[in-house]
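Asker: got a sequence here, can you model it:
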Amino acid sequence: MHTCPACGRDNLTFTGLGQHLAKSRDPRCQALYSQSHELAGNLKLTAAEDSDMDEENEHAEIFDGEYFVDETHGEAQGEEECEMEWRDEAQKSADSDSDDEIAAEPEWEPPAPDPAGDWPQAEEDHGTNARLLVQEHAQGQHGYDNPYFPFCSQTEWEIARWSKLRGPSSTAFTDLLAIEGVPESLGLSFKNAKELNAIIDHELPTGRPKFKHEQIVVAGEAFDVYYRDVIECVKALYSDPDFAEYLTFIPERHYVDEDQTTLLFHDMYTGKWWWDTQKKLDQHCPGGMIILIIISSDKTQVTMFRNKAAYPVYLTIGNIPKEICRKPSRSAHILLAYLPTTHLEHISNKASRRCTMANLYHACMSRVLAPLESAGLDGVKIRSGDGALRRCHPLFACFIGDYPEQLLATGVKFGECPKYALATLDQGNLDFVHACAAAGIKPVIHPFWEDLPFTNIFRVITPDILHQLYQGLVKHLISWLSEACRAAEIDAQCRRLPSNHNIQLFTKGITTLLRICRFLLGIIVDIHLPNNLNAGHLLRAVRGLLDFLYLTQFPCHSSETLELLQEALDLHATHHYSLMIAMFGTTDNYNTEYTERLHIDLAKDAYRATNHKDEFVQMTIWLERKEKILRHEKYICWRLSGGCETFPCHSRPPDMTHCRVQVMTKHPSAKAVSIQKLVDDYGATHFREALACYIARHNSPNDSQPLRGHALDDLASDVHFPFRTLPVFHKIKWLSSDTRGHGEASVTVDSVHARPQRHSGSCLVARRSDTALVCLRTGAAGLEDFCVGQVCAIFVLPPASIPILFPPTFRVPTHLAYIEWFTPFPPAPDRNHEQVASIVSVANIVSSTHLILRFGAIAPWEWTSNTVLEDCETFWLNLYLDRHTFARFK
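Answerer: Below is the predicted model of the structure:
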């Protein structure tokens, strides 16, 4: 129930509150009613003015902008205007179809735009208040002083949110509220799930379009398809205030060097496709802004049994940064449609069945994407989340799918490459069939992309790392290695690898798994092949495939790294990767892993919320309610934060640097650990000697010539510790940092453990001492500037003992670590590492590292993962631990 905010009258329904304000004679209620109608009138007037704007902009600017951005500074350069000469259209079309010169310099050189201008031309903003009004209206502001409206209180909103996002079924929720006194005790205005659904359906604002239900007739049969208006979906993403500060409106060029000779490719606005298409659009309709439509489709199972499936189609736009799109919590993807999942069992002929299935798919997709034809050519005026109105042209840019989906979309036959079937198939029925057969294409009568402007389906098909590389090449590689190197021996070595934050230990081996690449090369580097065959060719093949796999997943590529990508692996399918990176940005813009993750939220969870009868009707309603709750949650957070205005975010390009923050827990894991326990349980065998040498070295009056050898040992023998116990930490963590300014939350990306052995019941749990990469000097760059050590203990010195042990000029690091060293990387040992162990500052520990063991022909049976670092004598550094290690040392 609701209370009048003016006179205080309570026990009013939502409709009753409106009637009370309209009919009340109380001056306070009348003033509130007039104020609310003035607000609604202003919003309607704004909408009417927008609709009366001319369809064509007489002063629209031709696309002539280019950003020259230095990788270090991230600022636009080259502000002088110069003329731009376009090549003739025939020459351009011939070059655009060539796949050979991938990383070559683009053919035109447009000038930098006027920094004071705003391209594309947007409607003039009317000040902060108007922008806040638009943003508040877009978020659905209906309450007066209650940010939780239409819910009466924070408690009621939290319960409603819990019931729709985390709660039980509707029946269980109704049974909970049916318990006597529960609604009254919680102060709820709804008594069951039906009343709550009515509030969500009728009183929460609709941010995304509702689903439509139509029947598509193919071969005399009618099939149900549930879909949304694609233009309204684009508007919902483009006008979302959460994305307003991150949207990109024009293509840019980013360079590594000041001479602008090496291009950078990362987000989609740095790719050549946007540049090429923007030129074509300006020749047809000058001054428009492109919205890059990214479509992905994939059939998925929604049950473990009974073979129930859903066929979702997802949509996002390439104007949103990839760091936001890849996170389901940011809601940058929209479920566009549920396609029919029929198996067409009534068609007995398999060839006819496959042909009908393909035509059904294209007929449904044509109906869903039909509005893009006119909108792409003529444009549609859309107001972005910052309040600016622009003429936008939504163009189909990318199609994301696995190999079967790519074949279905392009009509290519199985076994053929979906990117090489290029032909113009518009010559009549018989010629059409012959041309399809000659090109290796199925005779799809009306493909869904035939009328979409500026679309070449064979160009917009994107690479598939998940299915093509991991579940294709890597799966084949593991099967190949299992036969060549014996599966039992490979699994035995996997069980004995040392632990690491980025490595999952598989106690049953890896020969039955797919995505195992981080240590794949290491376990075969010293393995013996049957009949004493030379393993050199095998190692080079595995290394080439792993290099290609890691290079394809770089978040930022340059012209130089694309050449390395082409040289890493010489296969037909891999040649497309460098081309598509140059066209659409790096592969994390169009990864099928995102689609697989969306299946959980938008298909599987939706199906579980139904009664499994006429499920798609219930799934669409459930999804609409969930989207409303999530949208209202964002609005409430915005209101409670003060409703601050957002400003455009100028993000810098991603790079391969280690942008991480080292953190330690506020309190130690163990407050008082004796030195003897450090030796016995933590494995810090030489802790006393190492700490004494650390203290003696920093008490030396001559810092230019550090003490070594016997001189250092003599001074260390005179050091006495004024403490018996030390506070000890068990872990060092590194958190990710939001280097691009996209509001990314910090997550743990790496860690180093130093845990003691302990008893768990009657079992003794072995200690864990991870290996780490330690920086030896400031400004380290090469491999010789680092050394690998095993971190056995992490501690702090008692504050009272520091003035006793160190001179006042020396600043003692807050956290110290006891490390037992491995042999340095250079062939000649560094005399600084004659010691077996030493104390270093935790700040000098760069990251965790993983060592590959030299097992020999057969892995010793007595070696285990817990003791292998002590048992083995020779190690290799694992360069494939993560992409940062790969980029640093490769």
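Asker: going forward, measure contacts and count neighbours with C-alpha atoms only.
Answerer: Will do.
Asker: top strand in this structure by residue count?
Answerer: Using DSSP state E, we find that the single longest strand of the chain is strand 389-400.
Asker: I'd like the mean pLDDT over that one, please.
Answerer: The pLDDT scores in strand 389-400 average 96.
Asker: and it, how far out from the chain middle?
Answerer: 21 Å (Cα atoms, centre = their mean, to the nearest Å).
Asker: go through whatever helix or strand comes next after it and flag the buried ones.
Answerer: Using DSSP states H and E, the helix or strand that follows strand 389-400 in sequence is helix 403-410. Residues of helix 403-410 classed as buried by neighbour count (16 or more other Cα atoms under 10 Å): 403, 405-410.
Asker: helix 403-410 - contacts with which helices or strands?
Answerer: helix 350-369, helix 457-460 (3 or more Cα pairs under 8 Å, 6 or more residues apart in numbering; DSSP states H and E).
Asker: put the alpha carbons of it into CSV.
Answerer: Provided in CSV are the C-alpha atoms of helix 403-410 (Å, rounded to 0.1, in the frame of the first residue of the first chain):
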residue,chain,number,x,y,z
TYR,A,403,31.3,-23.7,-37.2
PRO,A,404,27.8,-25.3,-37.7
GLU,A,405,26.2,-21.8,-37.1
GLN,A,406,28.6,-20.3,-39.6
LEU,A,407,27.7,-22.9,-42.2
LEU,A,408,24.0,-22.3,-41.6
ALA,A,409,24.3,-18.5,-41.9
THR,A,410,26.4,-18.5,-45.0
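Asker: distance check, Y880 against I294.
Answerer: Y880 sits 31 Å away from I294, going by Cα to Cα, to the nearest Å.
Asker: before we move on, back to that, could you check the angle helix 350-369 makes with the longest strand of the chain?
Answerer: 160 degrees (axes from the mean of the first three to the mean of the last three Cα atoms, to 10 degrees).
Asker: touching, T685 and Q676? I think so.
Answerer: No: the pair T685 / Q676 is not scored as a contact, 9.2 Å apart, by Cα atoms under 8 Å.
Asker: just to revisit the earlier point, for the longest strand of the chain, give me every contacting residue.
Answerer: Outside strand 389-400, the residues that touch it by Cα atoms under 8 Å, 6 or more residues apart in numbering are 120-123, 234, 287-297, 372, 375-384, 406, 452-455, 460-464, 590-592.
Asker: is it true that L735 touches A745?
Answerer: No: using Cα under 8 Å, L735 is not in contact with A745, being 9.5 Å away.
Asker: sorry, back to before: nearest to S558, out of the helices and strands packed on helix 403-410?
Answerer: helix 457-460 (21.0 Å; Cα to Cα).
Asker: which elements pack onto the closest one?
Answerer: strand 389-400, helix 403-410.
Asker: ok, which stretches of the stretch 601-750 of the chain are helices?
Answerer: Secondary structure of the stretch 601-750 of the chain (DSSP state H, counting those that start in this stretch): helices located at 605-608, 615-640, 675-680, 687-698, 709-716.
Asker: any chance of those helices in a markdown table, with distance to H528, mean neighbour count and mean pLDDT too?
Answerer: Output for the helices of the stretch 601-750 of the chain, formatted as a markdown table (distance: least, Cα to Cα, whole Å; neighbours: other Cα atoms under 10 Å; pLDDT from 0 to 100):
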| stretch | distance to H528 | mean neighbour count | mean pLDDT |
| --- | --- | --- | --- |
| helix 605-608 | 48 | 18 | 94 |
| helix 615-640 | 55 | 18 | 93 |
| helix 675-680 | 38 | 16 | 95 |
| helix 687-698 | 40 | 20 | 92 |
| helix 709-716 | 43 | 14 | 81 |
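Asker: and L735 and A745? Which one has more around it.
Answerer: L735 (17 against 9; other Cα atoms under 10 Å).
Asker: residues contacting the more buried one?
Answerer: 660-663, 746-750.
Asker: mind redoing it with 6 Å?
Answerer: Contact analysis of L735 by Cα atoms under 6 Å, 6 or more residues apart in numbering lists 660-661, 746-749.
Asker: buried ones among those?
Answerer: R660.
Asker: now the closest residue to N197 other than its chain neighbours: how far from R631?
Answerer: Of all residues not flanking N197 in the chain, R625 sits nearest, at 7.9 Å (Cα to Cα, 6 or more residues apart in numbering). Distance from R625 to R631, counting by Cα to Cα: 10 Å.
Asker: next: E156.
Answerer: 17 Å.
Asker: cool, K280 as well?
Answerer: Taking Cα to Cα, one finds K280 at 37 Å from R631.
Asker: now stretch 204-223: buried residues?
Answerer: 204-211, 216, 223.
Asker: which of those residues sits closest to A487?
Answerer: Using Cα to Cα, these come closest to A487 at F223, 48.1 Å.
Asker: surely that closest one touches Y338?
Answerer: No: counting by Cα atoms under 6 Å, F223 sits too far from Y338 to count as a contact (11.4 Å).
Asker: where do the strands sit along the stretch 701-850 of the chain?
Answerer: Listed in chain order, the strands of the stretch 701-850 of the chain (DSSP state E, counting those that start in this stretch) span residues 725-729, 731-736, 748-755, 758-760, 763-765, 768-769, 771-775, 786-795, 816-821, 837-841, 845-848.
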